[in-house]
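> Show me how the following folds:
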Amino acid sequence: MSLGPESRYEHALHMNRLYKSCVGPGLTPRNERGSRTISVARFGTFEVRLIEFADCNRQGRSDLWIELYRHDTQSSLDGCLCEDLDEVDNLISQAQELYKTERQPIAM
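Predicted coordinates:
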């Protein structure tokens, strides 16, 4: 089956997110508190990032947190335990919409 240009692009994005979500934390050094963070997507000040906390390793399993972070206010806007890529896609969609909304000129 041959993929069209848009389908190939979407597939490449999906595979890139999958790679970053599954492989990235293992290659990312831990910070001073022992956790690791990797950026999955960024739109202006809005970043979707994956976090592996130092104390999350239970029974040989590492739980990953996915977070929508706003850099200009240094605040977390949303987040949840990352159990599948649907959560990643949802937060990426939120980040894109927030970025688009923020860039729209204010009507007077």
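> pLDDT below threshold where in the protein?
Low-confidence segments of the chain, defined by pLDDT under 70: 1-25, 55-62, 106-108.
> can you pull out the helices in it?
Taking DSSP state H to define them, one finds helices in the chain at 5-22, 24-27, 85-103.
> How many neighbouring residues does the nearest residue to E87 once chain neighbours are set aside have?
Leaving aside its chain neighbours, E87 sits nearest to I66 (5.2 Å; criterion: C-beta to C-beta, 6 or more residues apart in numbering). No exception for glycine: its C-beta is placed from N, CA and C like everyone else's. Neighbours of I66 under the rule other C-beta atoms under 10 Å: 22.
> My guess is I66 contacts E52. True?
No. The pair formed by I66 and E52 falls short of the contact definition of C-beta atoms under 8 Å, at 10.8 Å.
> Correct me if wrong: N31 contacts I38.
No. If you go by C-beta under 8 Å, N31 and I38 don't touch, sitting 11.7 Å apart.
> Neighbour count for the two, which is higher?
I38 (17 against 10).
> Distance check, that one against R30.
I38 is 12 Å from R30, where distance means C-beta to C-beta, to the nearest Å.
> ok, now D78?
Using C-beta to C-beta, D78 is found at 24 Å from R30.
> Comparing these two, which residue is more hemmed in?
Neighbours around D78 and R30, counted as other C-beta under 10 Å, are more numerous at D78. The numbers are 15 against 12.
> thought that one was touching L91?
Yes. The pair D78 / L91 is scored as a contact, 6.3 Å apart, by C-beta under 8 Å.
> Which residues are in contact with each of those two?
Shared contacts of D78 and L91 (C-beta atoms under 8 Å, 6 or more residues apart in numbering): 67-68.
> Provide a list of residues in contact with the residue nearest to D72 when sequence neighbours are not counted.
Nearest residue to D72, sequence neighbours excluded (C-beta to C-beta, 6+ apart): T45, at 4.4 Å. With contact taken as C-beta under 8 Å, 6+ apart, T45 is in contact with 70-73, 99, 102.
> From those residues, pick the one nearest G26.
Distance to G26 across the contacts of T45 (C-beta to C-beta) is lowest for H71, with 24.7 Å.
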